[in-house]
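Participant: no sequence on this one, just coordinates:
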């Protein structure tokens, strides 16, 4: 992690990006899957079942039953009638972050989700970025902050979610009021919100009171850190132009993957990933060893697609063969992890000098942040359908 002077007085992420929410919590596994087709098949099986069978398939919790009355998720079209009598089509699945670097699919139906966090759905759009805190594990080299373009779910060891913007359309940055102005006065130029997030991703570390973000008043150092962080953001978001390793280091399928692999092993000497008799190489050790929250990313990604489901459940409705799309995703994740690992030496060399301390931000009036900055903004500019087709006014 970065070397920091006056380490104990670095401001906290919780103060610099004050509004946060817990990630969405499903309460049941079947509404999410690595492929969208399985979700539609699961929904069809649910609505074809009747009475106690439908209830058993659904998975009743204290928060959701077949008779729960809930509104639509903001920005999503799904039914709002009681699930006990639902017979309509499945809502179109959307992309979500199911785990570190693992984009999956979700049925965006509020009736299926115990704690959906509507305030996050209201600000989710193509310009939003979600910073997701990760559990700090001693002796682990994994990142303590990830960034995604899609809504994060409660999975693995992920913690609070901090959107970059408080309103849709990249309006009103979720930054301490006055922070951008103070940075402008100290740096001599105006950083934009993505610059601040990029810097944050590059330097955030675990401190005594939480995740800390050392800031600098050195313009050259700031530019270097932002450039490094923007590279990390691009790799974490995995949108736009796909990253590639240099020729000769790019992973390829060397032996065809089986119909449905059940085991993954890593051959460190050969730098090869073995999926049963299938073989992918080269896979750098840095990609295989890449951890988040103390768990290997590649092992967790593979388990999400191969862990045997309980027979007779909706989770058991899944691809009968390994989809080609999963192989492409796997090759891309290997690439992303390898490239992120290559940036670690640059992070370690980033010595934050001329620090902007917590005391300085207090003196400038940036801290403490007002309570209103820690609450979601009022962004409702249209009707949201409530239970049983009623309109919800918020």
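Facilitator: Sure thing, it's come through. From a predicted model like this one, the values you see are computed outputs, not experimental measurements.

Participant: alpha carbons only for contacts and neighbour counts from here, please
Facilitator: Fine.

Participant: and whichever strand or helix holds residue 339, how far from the chain's centre?
Facilitator: In this assignment (DSSP states H and E), residue 339 forms part of helix 324-342. Put simply, helix 324-342 sits 16 Å off its chain's centre (C-alpha atoms, centre = their mean, to the nearest Å).

Participant: first-to-last residue distance for stretch 283-292?
Facilitator: 18 Å (C-alpha to C-alpha, to the nearest Å).

Participant: in the helix or strand that the helix holding residue 339 is followed by, what's buried?
Facilitator: Next in sequence after helix 324-342, counting helices and strands by DSSP H and E, comes helix 344-349. Under the neighbour-count criterion of 16 or more other C-alpha atoms under 10 Å, helix 344-349 has 344, 346, 347 buried.

Participant: now the second one: how far from residue 123?
Facilitator: Same thing as residue 346. In this view, residue 346 and residue 123 are 33 Å apart by C-alpha to C-alpha.

Participant: show me where the stretch 101-250 of the chain has helices.
Facilitator: Secondary structure of the stretch 101-250 of the chain (DSSP state H, counting those that start in this stretch): helices at 118-121, 179-187, 193-203, 219-237.

Participant: what mean pLDDT does the last one have?
Facilitator: Okay, so that is helix 219-237. What helix 219-237 shows for mean pLDDT is 97.

Participant: quick one: it to helix 193-203, angle?
Facilitator: Interaxial angle, helix 219-237 versus helix 193-203 (axes from the mean of the first three to the mean of the last three C-alpha atoms, to 10 degrees): 90 degrees.

Participant: for the stretch 101-250 of the chain, which segments count as strands?
Facilitator: All strands of the stretch 101-250 of the chain, identified by DSSP state E, counting those that start in this stretch, fall at 102-106, 130-134, 145-148, 151-152, 158-163, 165-167, 171-173, 205-207, 210-212, 215-216.

Participant: ok, now which ones touch the closest residue to residue 30 other than its chain neighbours?
Facilitator: Computed as C-alpha to C-alpha, 6 or more residues apart in numbering, the closest residue to residue 30 that is not its neighbour in sequence is residue 315, at 5.0 Å. Counting by C-alpha atoms under 8 Å, 6 or more residues apart in numbering, residue 315 touches 29, 30, 42, 309.

Participant: next: residue 298.
Facilitator: Residue 298 neighbours (C-alpha under 8 Å, 6+ apart): 287, 288, 290, 333, 334.

Participant: again with residue 56
Facilitator: Taking C-alpha under 8 Å, 6+ apart as the test, residue 56 contacts no residue whatsoever.

Participant: on the pLDDT front, check it for me.
Facilitator: Looking at residue 56, its pLDDT is 97.

Participant: can you tell me the helix or strand for it?
Facilitator: helix 51-58.

Participant: how far off centre is that helix?
Facilitator: 31 Å.

Participant: buried ones in it?
Facilitator: 54, 55, 57, 58.

Participant: for stretch 133-148, same thing?
Facilitator: Counting neighbours by 16+ other C-alpha under 10 Å, stretch 133-148 gives 133-137, 141-148 as buried.

Participant: between the two ends of it, how far is it?
Facilitator: End-to-end distance of stretch 133-148 (C-alpha to C-alpha): 11 Å.

Participant: got the contact list for it?
Facilitator: With contact meaning C-alpha under 8 Å, 6+ apart, stretch 133-148 is reached by 97, 100, 129-132, 157-161, 201, 204-206, 211, 233, 236-237, 290-294.

Participant: how about the helix holding residue 339: buried residues?
Facilitator: Applying 16+ other C-alpha under 10 Å to helix 324-342 flags 330, 331, 332, 333, 334, 335, 336, 337, 338, 339, 340, 341 as buried.

Participant: the domain parsing of this structure - what is it?
Facilitator: 7-242+348-392, 252-342 (automatic domain parsing).
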